[in-house]
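Chemist: just coords:
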């Protein structure tokens, strides 16, 4: 960011950039002037740099507004973001195409060096009328971009210059130039004393650790928030009931698997097929009994239903065990009869 002298500093720096890069193509003395195209075209080689329009930058127009505290204190300095539009004209002996040669040098220079160098800005600020310019200290660089204008726009531009004949010219836009406000914001207060404490639970002055039962009680205190209670921690009684149900189901499943294995050992291929079908059946009964992950947040009524279903599964397993033992005893007696 810079002060109000940045606009004139950019114009002077642009003229110096063109003047310092005329050679080696141009082997003649050329006058580079920062003024509008003259009404009486000069015959000597001349280049004019004329700032014909200043516009607000559309992308930065409202980005940096004035910021104040509740008491009116300025917290953030305002800045105006503007673009500068230049028309660069060339004059000289037309029979020797001096103007065209000068325009070619200007286009080559601005295409090769599209950003104003800092040393040229500092050199421009040495002019007596630009004393105090701080554009060289700005972090924002000024970039030069060619502007395409058709015949209609060109005629309007030169129509604004009253009694000025048209001359071969190019138009460039310089952006971005940030102009600071006069008033400076109040600097922020520094951190006087950092105070950071790290204490384990139970130490003097440390907060109490969270209790699972209290969180569950708070989650289920409101009768209208059943969904929130389901997502929160479960009461201890529900957790115990669900654990007992899962232990019962696991026991029944393991018993069914063992009985199926015994039946397979005593019954040949038919028993093996029964053992294979018994394991998935036990797993399916376990899934139906538990209803999935105990962390799903089921209430006490669902836990009771699971307990009853687990009891039925255990009764079925016992009946299957008795049938297996009867089958084994029958096979044993048949084998004894054959041996005798």
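Modeler: Looks like it came in fine. Values in this document were obtained by computation on a predicted structure and should not be read as measured data.

Chemist: In three-state terms, how would residue 171 be classified?
Modeler: strand (DSSP: H, G, I helix; E, B strand; the rest coil).

Chemist: do the same with residue 9
Modeler: helix.

Chemist: What is the burial count for it?
Modeler: 25 (other CB atoms under 10 Å). Quick note: C-beta positions are derived from backbone N, CA and C, even for glycine.

Chemist: May I have the residues that are in contact with it?
Modeler: By CB atoms under 8 Å, 6 or more residues apart in numbering, residue 9 lies in contact with 2, 121, 124, 125, 130, 133, 135.

Chemist: mind checking how far residue 32 is from residue 194?
Modeler: Here residue 32 is placed at a distance of 58 Å from residue 194 (CB to CB, to the nearest Å).

Chemist: Looking at the two, which has the bigger crowd around it?
Modeler: The neighbour comparison of residue 32 against residue 194 (other CB under 10 Å) goes to residue 32, with 20 against 5.

Chemist: Grab the nearest non-local neighbour of that one.
Modeler: Excluding the flanking residues, the one nearest residue 32 by CB to CB, 6 or more residues apart in numbering is residue 19, at 4.3 Å.

Chemist: Show me where this structure has its strands.
Modeler: 31-33, 46-56, 67-68, 74-76, 79-91, 143-146, 169-180 (DSSP state E).

Chemist: Would you mind saying which of these lies nearest residue 112?
Modeler: Closest approach to residue 112 among those is made by strand 143-146 (10.8 Å; CB to CB).

Chemist: other SSEs contacting that closest one?
Modeler: helix 98-112, strand 169-180 (3 or more CB pairs under 8 Å, 6 or more residues apart in numbering; DSSP states H and E).

Chemist: Now do the contacts for residue 36.
Modeler: Here residue 36 is in contact with 48, 50, 52, 161, 164 (CB under 8 Å, 6+ apart).

Chemist: Give me the buried subset of the residues you listed.
Modeler: 48, 50, 161, 164 (16 or more other CB atoms under 10 Å).

Chemist: residues contacting the last one?
Modeler: Listed by CB under 8 Å, 6+ apart, the contact set of residue 164 reads 36, 37, 38, 39, 158.

Chemist: are any of those residues buried, and which?
Modeler: 36, 37, 38, 158.

Chemist: For residue 170, which non-adjacent residue is closest in space?
Modeler: Nearest one to residue 170, counting by CB to CB, 6+ apart, is residue 88 at 5.2 Å.

Chemist: Which residues are in contact with the one you found?
Modeler: 18, 47, 48, 49, 50, 103, 106, 169, 170, 171, 172.

Chemist: Save the residues you listed as a markdown table, and put in pLDDT and distance to residue 180 too.
Modeler: Compiled in a markdown table, those are given as follows (pLDDT from 0 to 100; distance: CB to CB, whole Å):
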| residue | pLDDT | distance to residue 180 |
| --- | --- | --- |
| 18 | 96 | 28 |
| 47 | 97 | 32 |
| 48 | 97 | 30 |
| 49 | 97 | 25 |
| 50 | 97 | 26 |
| 103 | 96 | 36 |
| 106 | 96 | 31 |
| 169 | 95 | 32 |
| 170 | 96 | 31 |
| 171 | 97 | 28 |
| 172 | 97 | 25 |
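
Chemist: Could you give me the buried positions within stretch 132-146?
Modeler: 133, 135, 136, 138, 140, 142, 144.

Chemist: Chain neighbours aside, what residue packs nearest to residue 206?
Modeler: That would be residue 199: by CB to CB, 6+ apart, it lies 3.9 Å from residue 206.

Chemist: mind checking how far that neighbour is from residue 211?
Modeler: Relative to residue 211, and taking CB to CB, residue 199 is found at 18 Å.

Chemist: Check the contacts of residue 88 against residue 206 and report the nearest one.
Modeler: residue 172 (66.8 Å).

Chemist: which residues does the closest one bridge with?
Modeler: Note on residue 172: beta-bridge partners by DSSP bridges are residue 86, residue 146.

Chemist: Measure how buried it is and give me the count.
Modeler: 20.

Chemist: Residue 39 touches residue 158, doesn't it?
Modeler: No - if you go by CB atoms under 8 Å, residue 39 and residue 158 don't touch, sitting 11.8 Å apart.

Chemist: Including distance to residue 153, could the helices and strands packed on strand 143-146 go into a markdown table?
Modeler: Putting the helices and strands packed on strand 143-146 into a markdown table (distance: least, CB to CB, whole Å) gives the following:
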| stretch | distance to residue 153 |
| --- | --- |
| helix 98-112 | 18 |
| strand 169-180 | 9 |
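
Chemist: mean pLDDT lowest for which of those?
Modeler: Of all these, mean pLDDT reaches its minimum on strand 169-180 (a mean of 92).
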